[in-house]
Structure formats: structure tokens, C-alpha cells
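Novice: Here's my sequence, what's the structure:
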Amino acid sequence: MKKQVCVIGAARFGAEVAKELYQSGHDVLAIDTDEAKVQDLSGHVTYAVRADASNEEVLRQLNVADFDVAVVALAGENVQTSIMITVLLKSIGVPYVIARAANDLHRSTLEKVGADRIVFPEMESAWRTAHIGFDPGVMDHMPILPNYGISKIQPPERMIGHTLAEVGLVGTQDNQGMALLAIRRGRSSFLHPAREEQIQAGDVLIVAGSNDQIRQLNDTTKLLPPPERAATVV
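Specialist: So this is what the prediction gives:
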């Protein structure tokens with residue numbers, strides 16, 4: 001479901017979150033006090049505004065209270081400001097606030113002032129680094145259980161032109177616990193796509209499975225005919 005999301009802080013982490021949300025089809029307002037960062041985001045989000053989000057009147061003028069979600073993505077050194085902004089967002093009625101924490105004390109304080117979810121980008125980045133770049137085709141990875149998680153995968157070239165059934169991505173019963181949750185195609189997403197759905201160039205696959213299954217998926221595709229042959233299969 002399309003949501004209105006406000007991302008406060010357009011440094012590296014905030015900018016990536018804002019772009020990803022926009023690419024996922026949400027309306028995104030990005031706010032930062034740095035004009036250069038705001039300009040860099042122009043065209044990559046719905047609106048990018050230079051403003052001071054620690055000012056309640058500014059938040060009200062930008063109608064942030066009407067947004068579904070706010071993400072406080074300030075860099076780690078701005079602990080006091082991030083706490084203040086989180087308090088303001090909850091006080092004006094934003095229903096769901098995600099805040100970035102720099103350490104356990106920061107996390108505990110954010111919880112006390114009402115943040116609905118707290119993230120540690122640096123720690124999560126370490127987990128993802130163990131997969132991105134080492135597991136072929138994995139663009140992102142979110143661990144759920146030991147040796148099991150959700151991966152965002154760029155399909156190998158040999159998958160292009162094949163159906164999901166042909167590559168073995170048709171659900172948990174058919175693939176021993178590995179399941180294709182969605183396909184992202186441009187700014188559109190398809191949840192639980194049909195077996196007959198054909199993989200296209202530029203698709204991104206969202207797959208849940210064990211780390212070993214994700215790695216084996218790339219090996220399995222080596223047995224598929226190349227795209228030009230796949231297109232002629234009857």
C-alpha cells in the first residue's frame with residue numbers, strides 16, 4: 001500500500017532510505033538543513049526541502065503530521081537533535097516513527113520518548129556485508145534467523161526469459177523452504193507472483209530462504225539454457 005513518508009536527514013543513510021522508499025512507490029518528503037544534500041535528492045524523491053526539522057512550526061507548515069511514517073535518519077553524532085525531533089514527531093501526531101540510534105543509550109532514550117522502531121544501520125550493514133558482494137547477485141540481505149533471511153537478488157542473465165516455475169522459484173512446498181515473496185519491476189511490485197510469470201531484464205527478486213539456498217540458486221541457473229534459447233522454448 002502506498003504511504004506518505006517523511007525522511008529527516010539526507011546524509012548517506014537517510015538519502016538511501018528516501019530513494020529506496022520512493023522507488024518502492026511511496027510518496028517521500030526528504031528534509032535536511034544542508035542545501036547541497038537537498039539538491040542531490042531532487043528528482044529521486046517526491047519532495048526535497050531545506051528546513052530545520054527540530055522546529056515544530058516547520059513540521060506543521062510541511063504537514064508532516066499528516067504523514068503515515070517518519071524516519072529520523074540523522075547521523076550518529078546528532079543524538080540530542082534526533083531525540084528532540086522524535087519527541088516533536090510523536091507530539092504532532094505522526095503515527096509511526098522510525099529512528100536511527102548510535103548506541104544502546106541512544107536506543108533506550110528513543111524508546112522512552114516514543115519511537116516505534118529503532119534501527120542500527122552500522123550493525124545491520126555489517127550483517128549485509130557478509131552477503132552482498134560475496135554471494136553473487138545479492139543486492140541486499142536482511143537476516144531473520146541464524147543462516148536464514150530475506151535477500152534482494154538481481155537475477156542472473158540466464159534467468160531472463162524463463163518462468164518462475166522453470167527456475168524453481170514457486171513457493172515453499174516446491175523449493176524446500178525457499179520462497180519468492182515478490183518481484184520488483186521498475187516502480188511496481190508483484191506479491192506472490194504466479195508460476196507462469198516470466199522474469200524480465202531489470203527485475204529484482206525478493207527471496208526468503210537459507211543462506212545456502214540463496215547461494216545454490218545462482219549455481220542452479222547455470223544449468224538453464226541461455227536467454228536466446230529460452231525465448232524459443234514452446
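Novice: The residue nearest to residue 107 when sequence neighbours are not counted - how many residues pack around it?
Specialist: The shortest distance from residue 107 to any residue other than its chain neighbours is 4.0 Å, reached at residue 101 (CB to CB, 6 or more residues apart in numbering). Any C-beta I mention is one placed from the backbone N, CA and C, and that applies to glycine too. Applying other CB atoms under 10 Å, we find 24 residues neighbouring residue 101.
Novice: what's the pLDDT at residue 101?
Specialist: Among the per-residue scores, residue 101 shows a pLDDT of 89.
Novice: Can you list the residue ranges for strands in the protein?
Specialist: Counting by DSSP state E, residue ranges of the strands within the chain are 4-8, 27-32, 47-50, 69-72, 96-100, 117-119, 138-145, 148-153, 179-185, 188-191, 204-210.
Novice: Now render these as TSV, adding mean neighbour count and distance to residue 111.
Specialist: Formatted as TSV, the entries for the strands of the chain read as follows, by neighbours: other CB atoms under 10 Å; distance: least, CB to CB, whole Å:
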stretch	mean neighbour count	distance to residue 111
strand 4-8	26	18
strand 27-32	25	23
strand 47-50	17	28
strand 69-72	26	13
strand 96-100	22	9
strand 117-119	16	7
strand 138-145	14	21
strand 148-153	20	25
strand 179-185	18	29
strand 188-191	12	31
strand 204-210	19	28
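Novice: sorry, back to before: what residues does the residue nearest to residue 107 make contact with?
Specialist: With contact taken as CB atoms under 8 Å, 6 or more residues apart in numbering, residue 101 is in contact with 107, 110, 118-120.
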